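Trainee: give me the fold of what follows.
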Amino acid sequence: DRMNASRFEQDLAAAKGVRIITNAAPVEIRGNGAVEAISFEYMDDDLTPMGEVFTLSADQVLTAIGQTLGATELPSIIRGRIAVSPDGRTSVANVWAGGDCTGLFSQNIMGGMCARVCPTETLCEETCVREVAEGKPVQIGQLQRFATDHLMAQSVHPFSRAAETGRRVAVVGAGPAGLACAHRLAMHGHSVVVYDANAKAGGLNEYGIASYKTVDSFAKREVAWLLEIGGITIEHHKKLGRDLNLTDLTERFDAVFLAIGLAGVNALGASGQGKAGVRDAVDFIAELRQAETYSQVPIGRDVVVICG
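Mentor: As a prediction, this is how the structure comes out:
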């Protein structure tokens, strides 16, 4: 009751058969090979340690959060982290771990960019149970951004390549879909050549998203980090239909993945939309993103912006 928990959290704990009675912080995990118990130290109302320790069995703790401990051994540890496979499995049967973001990246290798641009406030947070109960949703976008940025800053790629298969795959398009496909293929040991019509990889992330959302050249850094898996080569200024054709690609590669993206934007449908000076947002943002200085981008003195 003294713990600074919301009514929703207290009700949830009560539903699991647990009553919150005090502030406490975990100080020791006990067990001989397996997690058997966790010791906690009482904390004062201002979260000052009180020096008094109590111990709960692991099953009591895990039951309180809706889980059951069935393992008889501890997960393997590598470089201070729980060792996980590409799909998030630990060395213990039926136990997964995602604390090092490997599980997140196994589902979406470009999770860092998604955390920056995905409208989580409407897609996730709007329907979050805490939003419904308290009007304070879990800020999943910010949490994901913190987690992915932290892992990327460690200079250790979370995945490694499987043994070489001898197979070669061509990917046309170095946008999010093409890069994600290339990364997964490389993980499985295939050699990948990515072709892109632009001078830089990243597709929409590099050319179509306003710079205030992706500061510090994040799109470029994310591509470089993704390529650390190895086995991926990117060839720029190669456009399908001009420099490449499917007949040649299918003859030279074991498989071809087309990730050419969207060729245009929704037309305004207004009279005169093809006149000089009328521009769509994606092309304008691309020019802004690639300009060394904004003064290089020509705009008029009187500007009308339609939609926003």
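Trainee: flag the shaky bits of the stretch 51-200 of the chain, pLDDT-wise.
Mentor: For the stretch 51-200 of the chain, applying pLDDT under 70 flags the ranges 58-84, 86-89, 92-103.
Trainee: at 50 instead, please
Mentor: The model of the stretch 51-200 of the chain has pLDDT under 50 over residues 64-71, 79-80.
Trainee: could you pull out the helices for it?
Mentor: 58-64, 102-107, 111-117, 120-123, 129-134, 140-152, 176-187 (DSSP state H, counting those that start in this stretch).
Trainee: now do the last one: which elements does it pack against?
Mentor: Secondary structure elements in contact with helix 176-187, counted by 3 or more Cβ pairs under 8 Å, 6 or more residues apart in numbering; DSSP states H and E, are strand 168-172, strand 191-195, helix 218-226, strand 232-235. Every residue, glycine included, has its C-beta placed from N, CA and C.
Trainee: looking at those, which is nearest to Met50?
Mentor: Each of the helices and strands packed on helix 176-187 has some distance to Met50 by Cβ to Cβ; the shortest is helix 218-226, at 43.9 Å.
Trainee: contact partners of that closest one?
Mentor: 109-110, 112-113, 116, 152, 157, 174, 179, 183, 200-202, 205-206, 209 (Cβ atoms under 8 Å, 6 or more residues apart in numbering).
Trainee: may I see the buried residues of the helix or strand hosting Val256?
Mentor: If you go by DSSP states H and E, Val256 is part of strand 255-258. For strand 255-258, a neighbour-count test (16 or more other Cβ atoms under 10 Å) marks Phe257 as buried.
Trainee: let's see that strand as CSV, backbone CA atoms only.
Mentor: Below are the C-alpha coordinates for strand 255-258, written out as CSV (Å, rounded to 0.1, in the frame of the first residue of the first chain):
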residue,chain,number,x,y,z
ALA,A,255,17.0,-15.9,-56.6
VAL,A,256,15.8,-12.3,-57.1
PHE,A,257,13.9,-10.1,-54.6
LEU,A,258,12.2,-7.0,-55.9
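Trainee: what residues does the next helix or strand after it touch?
Mentor: Using DSSP H and E, the helix or strand that follows strand 255-258 in sequence is helix 281-290. For helix 281-290, the external contacting residues (Cβ under 8 Å, 6+ apart) are 200, 206-211, 265, 294, 297.
Trainee: show me what the helix or strand Thr247 falls within is packed against.
Mentor: Assignment of secondary structure by DSSP H and E places Thr247 within helix 246-252. Helix 246-252 is packed against strand 168-172, strand 255-258, with contacts defined by 3+ Cβ pairs under 8 Å, 6+ apart.
Trainee: chain center to that helix, what's the gap?
Mentor: 33 Å (Cα atoms, centre = their mean, to the nearest Å).
Trainee: so for it, what gets flagged as buried?
Mentor: Buried-residue list, helix 246-252, by 16+ other Cβ under 10 Å: Leu249.
Trainee: circling back: farthest-separated two in the contacts of helix 218-226?
Mentor: His157 and Ile209 (23.9 Å).
Trainee: look at these two and report which has more neighbours.
Mentor: Ile209 (21 against 16; other Cβ atoms under 10 Å).
Trainee: pLDDT wise, what is the nearest residue in space to Ala197 that is not next to it in sequence at?
Mentor: Leaving aside its sequence neighbours, Ala197 sits nearest to Lys239 (Cβ to Cβ, 6 or more residues apart in numbering; 3.9 Å). As predicted, Lys239 sits at a pLDDT of 94.
Trainee: and Lys239, how many neighbours?
Mentor: 13.
Trainee: please tell me how far it sits from Ala267.
Mentor: Distance, Lys239 to Ala267, by Cβ to Cβ, to the nearest Å: 23 Å.
Trainee: try Val132
Mentor: 39 Å.
Trainee: do the same with Tyr294
Mentor: Tyr294 is 27 Å from Ala267, by Cβ to Cβ.
Trainee: same question for Gly203.
Mentor: Where Ala267 is concerned, Gly203 sits at a distance of 21 Å (Cβ to Cβ).
Trainee: between those two, tell me which one has more neighbours.
Mentor: Gly203 (24 against 9).
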